[in-house]
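Colleague: attaching a predicted model along with its sequence, questions to come.
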Amino acid sequence: AALWAARRLPDAEPLPLFAAAQASDVGEEPDARLPTLTLGAQVEADYLSTRLSLKGHPMGVLRPIFAKEGVAACAEAAAGPDGGFRRAAGVVLVRQRPGKGNAVFITLEDETGVLNVMMWARVFERFRREVMAARLLLVEGRLQKSPENVVHLMVDRAFDRTADLRRLSDDAGPPDGRAPIAAPPPPRGVSGHPRNVRILPPSRDFH
C-alpha cells in the first residue's frame, strides 16, 4: 500500500506526512498591498546589491532630467559632426592618464552606449576635483573624429553630477494604482545614500 501511495498521480491527495509538513503554523494574512517599487528604486537596489541591473541603466532613469538641460545621450553625442559642440553625461567607467602623457582619457557610459572623452592636462588641472570625485560626470566640448572614425569629445568643462544619483527613486514608476516607494532621507550627519554606500561601483583608474 505504501509503494502504491508513493507512486500516486501528481494531482492525487497529498500523503498525510507531507500535508502536515506543508501546513501553515499561522493563519492566512491579508494582502498588505505594499507600494510598488519605481523603476529607479529597483535599479538602485540592484546596483547596491549586485553592482549591475538588468532592469535598466541609471542614466535611462535620469534621462528626462538631463534632456531638459540639453544634454545629449552618448550615442547621440558621438554621432554629431566633427568639431560640433556637445554636452554629454554618463557613469564614469574608466579614467586613464599615461605616465608622461599630456592628456586624460575618460570613458562614460549611459543607456545608449559609451563615449570616449579626452581632456588636456591644463583643463584637467582646472577640473581635477570634479573629474576624480565624480561617479556621474557631465562634460562639455567639441567632437574630434579621426579619418579612421575614432571619436573623442575634447572637453572644455566638467561637472560632478553624482548627487543626481540620489534622484533615482523619484521616477513615477508603473501606473498600477499604488503610490511609488521613495527612498528614505539619509540619517542626520550621514551624506549620500542612507546606508552610506555608493550606489555605483568605483571606476577603473589607471595612471
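Modeller: The structure has been received and is ready for your questions. Numbering: from 1, shown residues only.

Colleague: how about the strands in this structure?
Modeller: 85-96, 103-110, 113-120, 136-145, 151-160, 204-206 (DSSP state E).

Colleague: pull the residues that contact the third one.
Modeller: Spelled out, it's strand 113-120. Contacts with strand 113-120, where a contact means C-beta atoms under 8 Å, 6 or more residues apart in numbering, come from 74-75, 77-78, 88, 90, 93, 102-109, 127, 131, 139, 141, 144, 150-155, 158. Backbone N, C-alpha and C define where each C-beta goes, glycine included.

Colleague: in CSV: the strands of the chain, plus mean neighbour count.
Modeller: Compiled in CSV, these are given as follows (neighbours: other C-beta atoms under 10 Å):
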stretch, mean neighbour count
strand 85-96, 21
strand 103-110, 21
strand 113-120, 19
strand 136-145, 20
strand 151-160, 19
strand 204-206, 11
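
Colleague: now distance to Glu13 and mean pLDDT too, for the ones you listed, in JSON lines please.
Modeller: Compiled in JSON lines, the strands of the chain are given as follows (distance: least, C-beta to C-beta, whole Å; pLDDT from 0 to 100):
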{"stretch": "strand 85-96", "distance to Glu13": "56", "mean pLDDT": "95"}
{"stretch": "strand 103-110", "distance to Glu13": "56", "mean pLDDT": "95"}
{"stretch": "strand 113-120", "distance to Glu13": "57", "mean pLDDT": "95"}
{"stretch": "strand 136-145", "distance to Glu13": "59", "mean pLDDT": "96"}
{"stretch": "strand 151-160", "distance to Glu13": "65", "mean pLDDT": "96"}
{"stretch": "strand 204-206", "distance to Glu13": "59", "mean pLDDT": "67"}
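
Colleague: closest one to Ser49 among the ones you listed?
Modeller: Across the strands of the chain, Ser49 has its closest neighbour in strand 85-96 (17.2 Å, C-beta to C-beta).

Colleague: quick one: the helices in this protein, in order.
Modeller: With DSSP state H applied, the chain shows helices at 2-6, 16-22, 39-50, 58-68, 74-78, 121-126, 128-133, listed in chain order.

Colleague: any idea which of the ones you listed scores lowest on pLDDT?
Modeller: Here the lowest mean pLDDT among these goes to helix 16-22, at a mean of 69.

Colleague: much appreciated, bye for now.
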